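Undergrad: Compute the structure for the input listed below.
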Amino acid sequence: MSSLKSKAIKGFSWTALEGVFSQGFMFIVGIVLARKLSPEDIGIIGIITAIVAVLNSVIEGGFTSALIRKTNSNDNDYNTVFYTNLLSSLIIYIILFFLSNKISIYFEIDILSKILKISGIIIIINAVTIIQKTLLNKLLNFKKIAIISIISSIISGISSITLVYSGFGIWSLVFLIVTRPLINSILLWITTKWTPSFIFSTNSFKELFDYGYKLLFTNLINTAYKNIYYFIIGKYFSPTTLGYYSRADQFQMPFSSNITLAIRRISFPILSEYQNDEKNLKTKFLKFLKFSVFINLPIMITIMAAAKPIIILLLGEKWHTSIFYLQILCIPGLLYPLQILHLNLLLIKGYSNLNLRLEIIKKIILLPLIFTTAFFGIKYMLYGLVTFSIIELFINSFYTRKIINYSITEQIKDLFIYFKISFLTFITMFSISQLNINLYLMFITQLISGLLVFILLNEYYKINEYLEIKNKIINLKK
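TA: Below is the predicted model:
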């Protein structure tokens, strides 16, 4: 038990470090590029990123989770998945290559075809390193993952900044999104001992596919949903509008996504150890649930409250439209880790079929909502996104009650205090944003007042997660 706890703490620490240094560095790179490039350039890359993400979800779909969940996976399994992914990625890239001209015509953006043909290589790059990543995840070796991610981010980020200042424009962004996974892949192959053998097991494929294909379709649907706004805005509005939306999304996404990644990466193998022990599974699940809310909520409400100084000071006045988008997008962002934890529970128990069913039900609700709200404008689309994220949370938590006897009512009761503290902190910070003062002074005042209110409320209510972190900091000082 203590070993698992120790691994969980180390795993989260290294994942957090990766988020701070790797994603944090990329966040800064994104700001530098956004100041040099136009909203239209950012919007075009947003479409590219969305297309590649959807196609890449096929490669990173069910087989990875199937391998992590399988406690006695062997070299036959790894080689089978490796060659399956490699062949799939080659087929997908060839299809994308020949459809790139039609996609370019659909979005009415001439340069899109050329960029797609180059960026599509990412799908093959990710396919050839899927086993190395899986093995490191199974071993909870997040240290190596973090170090490799940081190195690849620094090299690709500095190179892209050099290119944009040399006048390469949008191609500096293309270079960034291709070279980062490429360097990451090269380093994984160099530092990880596993190499493929000429083995393909039909039995292994059937076993893993039986669990994984439902999860693959689930991931595909889920990824398409997460990126559907890029497709809709890019087609029915304009690349410039998509640029504003994309830039706002990239301000909140690194935080919510990396916290979710850390929670998911650590919780999946650890909770899998208790998949047949309902009592302990519920206890561990609740701990992850509370911890994810404690970490994610304050960050999201800080970004939401300080959206104005963040956008204007970092990007400039030309990005003013992104302020409202960012404030709205933070609401789904603060719920995102909760969504994933509930879905993780289904996968841990082996209910990949239920997971797929839930995703289909949610998307049946989502699609009419998107197209109805799009008719009234992008602001109403964002209101619809918030509405759906709340509906989605209730749907995702439905089977949690059946699996570990933990109802949505109990969850609201257990998490209410965290939301109360965050709401009071938000009100304090947002009130300051309404003052007519210098933006630098506004941002500093917001951070200081928000931090004080948050600490005082946690001290008053004696929140366990806060006290644990506080004690660790005190011990480190000693």
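Undergrad: which ones are touching the nearest residue to V174 once chain neighbours are set aside?
TA: Leaving aside its chain neighbours, V174 sits nearest to I115 (5.5 Å; criterion: C-beta to C-beta, 6 or more residues apart in numbering). Using the backbone N, CA and C atoms, a C-beta is placed for each residue, glycine as well. With contacts taken as C-beta atoms under 8 Å, 6 or more residues apart in numbering, I115 has the following neighbours: 44-45, 48, 170, 174.
Undergrad: and with 10 Å instead?
TA: 44-45, 47-48, 51, 100, 104, 109, 170-171, 173-174, 177-178 (C-beta atoms under 10 Å, 6 or more residues apart in numbering).
Undergrad: could you point out which element follows the helix or strand where it lies?
TA: Taking DSSP states H and E as the definition, I115 sits inside helix 112-119. Using DSSP H and E, the helix or strand that follows helix 112-119 in sequence is helix 121-127.
Undergrad: Can you show me the CA trace of that following helix as PDB?
TA: The C-alpha coordinates for helix 121-127 follow below in PDB (Å, rounded to 0.1, in the frame of the first residue of the first chain):
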ATOM      1  CA  ILE A 121       3.500  12.500 -40.600                       C
ATOM      2  CA  ILE A 122       2.800  13.000 -36.800                       C
ATOM      3  CA  ILE A 123       0.400  10.000 -37.000                       C
ATOM      4  CA  ILE A 124       3.200   7.600 -38.100                       C
ATOM      5  CA  ILE A 125       5.700   9.100 -35.600                       C
ATOM      6  CA  ASN A 126       3.300   8.500 -32.700                       C
ATOM      7  CA  ALA A 127       2.500   5.000 -33.900                       C
END
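Undergrad: residues making contact with that helix?
TA: 48-49, 52-53, 55-56, 58-60, 82-93, 96-97, 133, 177-186.
Undergrad: same thing but at 6 Å, please
TA: Residues outside helix 121-127 that contact it (C-beta atoms under 6 Å, 6 or more residues apart in numbering) are 52, 55-56, 59, 85-86, 89, 92-93, 181-182, 185.
Undergrad: Dump these into TSV; add secondary structure as well.
TA: Rendered in TSV, the data for the contacts of helix 121-127 read as follows (DSSP: H, G, I helix; E, B strand; the rest coil):
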residue	secondary structure
V52	helix
L55	helix
N56	helix
I59	helix
N85	helix
L86	helix
S89	helix
I92	helix
Y93	helix
P181	helix
L182	helix
S185	helix
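Undergrad: quick check, nearest of those residues to T191?
TA: Taking C-beta to C-beta as the measure, S185 is the one of the contacts of helix 121-127 closest to T191, at 11.3 Å.
Undergrad: The closest one and E278, how far apart?
TA: According to C-beta to C-beta, to the nearest Å, S185 stands 40 Å off from E278.
Undergrad: between those two, which one's more packed in?
TA: S185 (22 against 13; other C-beta atoms under 10 Å).
Undergrad: Surely the more buried one is in contact with T129?
TA: Yes: applying C-beta atoms under 6 Å as the test, S185 and T129 come out as touching, 4.5 Å apart.
Undergrad: Confidence-wise, which helix or strand of this protein is lowest on average?
TA: Sorting the helices and strands of the chain by mean pLDDT, DSSP states H and E puts helix 2-18 at the bottom, at a mean of 60.
Undergrad: how about the CA coordinates for whichever helix or strand comes after that helix, as PDB?
TA: Counting by DSSP H and E, the next helix or strand C-terminal to helix 2-18 is helix 24-36. The C-alpha trace of helix 24-36 is given here as PDB (Å, rounded to 0.1, in the frame of the first residue of the first chain):
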ATOM      1  CA  GLY A  24       4.800  25.600 -19.600                       C
ATOM      2  CA  PHE A  25       7.600  26.200 -22.000                       C
ATOM      3  CA  MET A  26       5.300  25.400 -24.900                       C
ATOM      4  CA  PHE A  27       2.700  27.800 -23.500                       C
ATOM      5  CA  ILE A  28       5.400  30.600 -23.600                       C
ATOM      6  CA  VAL A  29       6.400  29.600 -27.100                       C
ATOM      7  CA  GLY A  30       2.700  29.800 -28.100                       C
ATOM      8  CA  ILE A  31       2.500  33.300 -26.700                       C
ATOM      9  CA  VAL A  32       5.600  34.400 -28.600                       C
ATOM     10  CA  LEU A  33       4.300  33.000 -31.900                       C
ATOM     11  CA  ALA A  34       0.800  34.500 -31.300                       C
ATOM     12  CA  ARG A  35       2.300  38.000 -31.000                       C
ATOM     13  CA  LYS A  36       4.100  37.500 -34.300                       C
END
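Undergrad: Quick one: residues contacting the residue positioned nearest the centre of the chain.
TA: Nearest residue to the geometric centre of the chain (C-alpha atoms, centre = their mean): S257, 2.9 Å. Taking C-beta under 6 Å, 6+ apart, we find S257 in contact with no residue.
Undergrad: tell me the secondary structure for it?
TA: When classified by three-state DSSP, S257 comes out as helix.
Undergrad: Tell me the spacing between it and K226.
TA: In this view, S257 and K226 are 10 Å apart by C-beta to C-beta.
Undergrad: and what of S256?
TA: The spacing between S256 and K226, counted by C-beta to C-beta, is 11 Å.
Undergrad: same deal with F268?
TA: With C-beta to C-beta as the criterion, F268 and K226 are 19 Å apart.
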